[in-house]
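# Below is the sequence, then the predicted model.
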Amino acid sequence: MNRKPLIGMMLGWDVGIQLLRACAVAAAYHGADFYVFRTSGIGEHSISGMKLENDEWVDGEFPYPDAIYDYTRRRGIAKFQEAYRKLEGIPMGHTLKGRSMTKSKVYRMIQGDQRLNQSLIPYMTVRDPESLMTFIERHGKVIFKTNGGYLGRNALTAELKNDVIEVFDQQYLHRFAREDLPRLTGLLTAKRYFTQKMIHSVTPQGNPFHVRVHLSKNGQNRWTVAFHSIGLSLTPHVTVTNSELTYRGTSTWAHFLHNQFGEKENGPLHRRIDDYGLRLAEYLESVIGGGFQEIGLDLGIDEHNRIWLFEAGIGLPGTSYYQLQLALPAMAYTLYLLKKKSS
């Protein structure tokens, strides 16, 4: 009897059990065996990990897998260097250096495509007080993000009011006079912040929202839209919709389209979003040269139904609700890599 291919999912830190379970189910659906392991569990000849058996996770010692779904994605980082050395030669979908795809680097790449860059939000790296003040005066309300941040952590919004810059950290309001601008700039540059114009992406009920579009390579090595998810801030004054400091809500994609835009699935807005996402994935792959299998796009939609790109995550895009939709193409693509190596 032919042995089933063996997929290992490599973890560098805690991951929600729902995603691990979804990956195990997806691997089985595609005809593969599956286990999860941490980088610390990699030995020279075997790996300590866990396998799902009878709906329970069982610890065990496993052979090296045939292919790896890398959910660590820290290649080139000193702490993980030994793990990647031991696994050298095993196919895995993400081969970019860890944290190499910063937000501003991806934005600069997208500027090279005349169609895609129409959805780029005006932005700049925070460097000096004069250019920062000019940017705030031009756009009125802005958002500050760390270049390597995620999940809205440490995001700040700012607005110019009567010569005072009001900075909101999603919990407390801080006021800076013009003469305080050098101090504010120093605080932001030390943490590698950049700033964007604030986009008014708000439901008719007044709730800020973003649309997450998860793009994934499938078993035929093609980019697909794995799922759409909605992030709503149910604390309307917290406009950073993925911030842990807001009470967050969601909606099904179909209900969101119907309720907010009067459209059905696969209607004009849906198609525009998917076309944009797939074009962006294919373009980034052509510019970067491959080495990644998933992209998480966070999009805003303004009052004119114009799509804006908040950010494109090539690191570890995840989901709170659509684990199986994420896992199915991820496992299929991992098996595609194994088949490609064997051919």
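Received it, and whenever you're ready, just let me know what you need. Numbers count the residues shown, from 1 in each chain.

# Residues in contact with stretch 170-185: which ones?
When contacts are defined by Cβ atoms under 8 Å, 6 or more residues apart in numbering, stretch 170-185 is touched by residues 126-129, 132-133, 152, 155-157, 163-168, 238, 240, 243, 245-246. Where you see a C-beta, it was placed from the backbone N, CA and C, and this is true even at glycine.

# Now the buried members of the residues you listed.
With burial judged by 16 or more other Cβ atoms under 10 Å, the buried subset of the contacts of stretch 170-185 is 126, 129, 132-133, 152, 155-157, 165, 167-168, 238, 240, 243, 245-246.

# Could you identify the most distant pair in these?
Put simply, by Cβ to Cβ the two of the buried ones among the contacts of stretch 170-185 set farthest apart are 129 and 246, 29.9 Å from each other.

# what domains does the record give for this protein?
What automatic domain parsing lists as the domains of the chain is 6-86, 103-120+201-314, 123-197.

# From one end of the longest one to the other, what's the distance?
Spelled out, that is domain 103-120+201-314. Taking Cα to Cα, to the nearest Å, the first and last residues of domain 103-120+201-314 lie 9 Å apart.

# try the last one
Distance between the boundary residues of domain 123-197 (Cα to Cα) amounts to 6 Å.

# Which one of the buried ones among the contacts of stretch 170-185 is nearest to residue 338?
Nearest member of the buried ones among the contacts of stretch 170-185 to residue 338, counting by Cβ to Cβ, is residue 152, at 35.9 Å.

# contacting residues for residue 319?
Contacts of residue 319 by Cβ under 8 Å, 6+ apart are 19, 212, 214, 227, 229, 325, 326.

# Those in helices, which ones?
If you go by DSSP state H, these have 19, 325, 326 in helices.

# nearest spatial neighbour of residue 168, skipping sequence neighbours?
Closest residue to residue 168 apart from its sequence neighbours, by Cβ to Cβ, 6 or more residues apart in numbering: residue 157 at 4.9 Å.

# hang on, I meant residue 277
Nearest non-adjacent residue to residue 277 (Cβ to Cβ, 6+ apart): residue 213, at 4.6 Å.

# From residue 38, how far out is the one you found?
As defined by Cβ to Cβ, to the nearest Å, residue 213 lies at a distance of 30 Å from residue 38.

# More neighbours: these two, which one.
residue 213 (25 against 18; other Cβ atoms under 10 Å).

# So that one is in contact with residue 224, correct?
No. Shown here, residue 213 and residue 224 do not form a contact pair, counting by Cβ atoms under 8 Å, at 11.0 Å.

# one step back: okay, the domains of the chain in JSON lines with distance to residue 93 and mean pLDDT next?
Shown next, in JSON lines, are these (distance: least, Cβ to Cβ, whole Å; pLDDT from 0 to 100):
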{"stretch": "domain 6-86", "distance to residue 93": "7", "mean pLDDT": "97"}
{"stretch": "domain 103-120+201-314", "distance to residue 93": "4", "mean pLDDT": "93"}
{"stretch": "domain 123-197", "distance to residue 93": "19", "mean pLDDT": "89"}
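
# Show me the one of the ones you listed that comes nearest residue 331.
domain 6-86 (4.2 Å).

# Quick check: end-to-end length of that closest one?
Domain 6-86: ends 17 Å apart by Cα to Cα.

# With stretch 231-242 instead?
7 Å.

# Show me the strands in the stretch 201-343 of the chain, by range?
209-217, 223-233, 248-249, 294-301, 307-313 (DSSP state E, counting those that start in this stretch).

# show me the residues around residue 276 that make contact.
116, 119, 299, 307.

# returning to that earlier point: what residues are up against the residue nearest to residue 277?
225, 228, 273, 274, 277, 296, 297, 299.

# ditto for residue 246
Contacts of residue 246 by Cβ under 8 Å, 6+ apart are 170, 233, 234, 235, 238, 240.

# tell me which of these is nearest to residue 67?
Looking across these and measuring by Cβ to Cβ, the closest to residue 67 is residue 240, at 36.9 Å.

# Would you check that that closest one makes contact with residue 157?
Yes. Counting by Cβ under 8 Å, residue 157 is a contact partner of residue 240 at 6.9 Å.

# shared neighbours, those two?
The contact lists of residue 240 and residue 157 share 143, 170, where a contact means Cβ under 8 Å, 6+ apart.

# okay, now residue 201: neighbour count?
If we define neighbours as other Cβ under 10 Å, then residue 201 has 22 of them.

# what's the spacing between the residue nearest to it when sequence neighbours are not counted and residue 56?
Once flanking residues are discounted, residue 201 sits nearest to residue 300: 3.2 Å by Cβ to Cβ, 6+ apart. Residue 300 sits 42 Å away from residue 56, taking Cβ to Cβ as the criterion.
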